[in-house]
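>>> model this:
(one chain, ligands or ions: 3)
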Amino acid sequence: MSEPKSTSPALPGAATTPGDVATLRAPPRHVAIIMDGNGRWAKARGLPRALGHKEGVEALRRAVEASRELGLTHLSVYAFSTENWNRPPAEIDALFDLLRMFVRRDLARLHRDGVCIRIIGSREGLSEEILGLIDEAMERTRDNTRLTLNIAFNYGGRGEIVSAMQAIARDVEAGRLKASDVNEALVSSTLWTAESPDPDLVIRTSGELRLSNFLLWSGAYAELMFMDIWWPDFTRESLEKAIDAFRRRDRRFGGLSA
Ligand code: IPE
Ligand code: IPE
Ligand code: MG
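Ligands and ions are numbered 1, 2, ... in the order given. Have a look, this model is predicted:
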């Protein structure tokens, strides 16, 4: 785990290193993860990329288990972006197969463990069969309250905002809403992520320093954490370290330190 690398010397008063904040802040309730680096994990071992994705599912199972045990209320994971359609068809097929397998194999256990599954993203371009699986997983687990697992699949942050804008525009067009009724709360409640609080912490593995179109609206004030490990190497300890670092951050929301 590493904090974002910086070439400038530590600034006095910038609470980004352990020890800067005397009292630990409350742990995050909602952690979101950009699960990146499966391909490079496989390449480093001379394995096909699909095996990296398969190991990535193991890491996801660990992350869900750890999130439950560590008391998070929400875990959101980026599994397939709308931009991932740019990959070769064989890789896309492998990723869809893994979603199928994850739902088929893990649904009963997740349900027993009190996990509420929400699959967030566009339904466009998905087959009836995949849509059926998604609906089944969400329907079966909808009343569970221990942990909400948002799986961002066929998800793009801009697409999410556009889809909310279209829904709101339809209501304005039909006379159900006035333009002046449109505010941040209304937009938030129209997004695919409407049922979850905003993420407190967004983690990206693999060392890349970008959001790649993830949670652009709801992550507006999330703490960002970039970890120099491939996603298949993510463990419970990785999550614990990220949470610990989060608790030492100074979140000001534009105000001043307490
Ligand atoms: C993340 O791993 C999984 C998805 C994007 C679906 P990648 O497949 O992006 O792995 P790298 O980044 O090429 O190593
Ligand atoms: C982001 O990873 C999407 C997911 C983890 C599902 P990518 O590997 O697709 O992102 P880029 O291409 O590095 O921006
Ligand atoms: Mg990647």
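>>> So for the helix ranked longest in the chain, what gets flagged as buried?
Using DSSP state H to define each element, the chain has its longest helix at helix 89-112. By neighbour count on 16 or more other Cβ atoms under 10 Å, the buried set for helix 89-112 is 94-96, 98-99, 102-103, 106-107, 110-111. C-beta here means a position set from N, CA and C on the backbone, and glycine is covered the same way.
>>> what do you get for stretch 117-133?
Buried, per 16+ other Cβ under 10 Å, within stretch 117-133: 117-122, 126, 130, 133.
>>> go on, stretch 36-44?
36-42.
>>> now, which of those lie within helices?
Those of the buried residues of stretch 36-44 lying in helices (DSSP H): 38-42.
>>> For the nearest residue to Gly114 once chain neighbours are set aside, report the pLDDT, please.
Excluding the flanking residues, the one nearest Gly114 by Cβ to Cβ, 6 or more residues apart in numbering is Arg146, at 3.0 Å. According to the prediction, Arg146 has pLDDT 98.
>>> Likewise for Ser257?
86.
>>> Could you report the separation of it from ligand 1?
36 Å (Cβ to the nearest ligand atom, to the nearest Å).
>>> what do you get for Leu98?
9 Å.
>>> Could you do Gly37 as well?
From Gly37 to ligand 1 the distance is 4 Å (Cβ to the nearest ligand atom).
>>> Now that residue: phi and psi?
Here is the backbone geometry of Gly37 (degrees, to the nearest 10): phi 110, psi 10.
>>> On the pLDDT front, check the residue in the stretch 101-250 of the chain that ligand 2 sits nearest to for me.
Closest residue of the stretch 101-250 of the chain to ligand 2, Cβ to the nearest ligand atom: Ser212 (3.6 Å). For Ser212, the pLDDT comes out at 98.
>>> Next to ligand 1 in this structure, residues from the stretch 101-250 of the chain, please.
Contact residues, the stretch 101-250 of the chain versus ligand 1 (Cβ under 6 Å from any ligand atom): 206, 231.
>>> Which residue does the stretch 101-250 of the chain have closest to ligand 1?
Ser206 (5.4 Å).
>>> That residue is in contact with Lys43, isn't it?
No: the pair Ser206 / Lys43 is not scored as a contact, 12.0 Å apart, by Cβ atoms under 8 Å.
>>> Ser139 in helix, strand or coil?
You called it Ser, but residue 139 is Glu. Per DSSP: H, G, I helix; E, B strand; the rest coil, the secondary structure class of Glu139 is helix.
>>> For it, grab the count of nearby residues.
Using other Cβ atoms under 10 Å, Glu139 has 10 other residues around it.
>>> Compute the number of surrounding residues for the residue of the stretch 101-250 of the chain closest to ligand 2.
14.
>>> That one contacts Thr82, doesn't it?
No: counting by Cβ under 8 Å, Ser212 does not reach Thr82; the two are 10.4 Å apart.
>>> Where do the strands of the protein begin and end?
30-34, 74-81, 115-120, 147-155, 201-205, 223-227 (DSSP state E).
>>> between the ones you listed, which gets nearest to Ile168?
strand 115-120 (18.0 Å; Cβ to Cβ).
>>> Would you mind pulling up the elements that the closest one packs against?
In terms of contacts (3 or more Cβ pairs under 8 Å, 6 or more residues apart in numbering; DSSP states H and E), strand 115-120 is packed against helix 128-141, strand 147-155.
>>> Next, format those as a markdown table and append distance to Leu191.
Shown next, in a markdown table, are those (distance: least, Cβ to Cβ, whole Å):
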| stretch | distance to Leu191 |
| --- | --- |
| helix 128-141 | 16 |
| strand 147-155 | 11 |
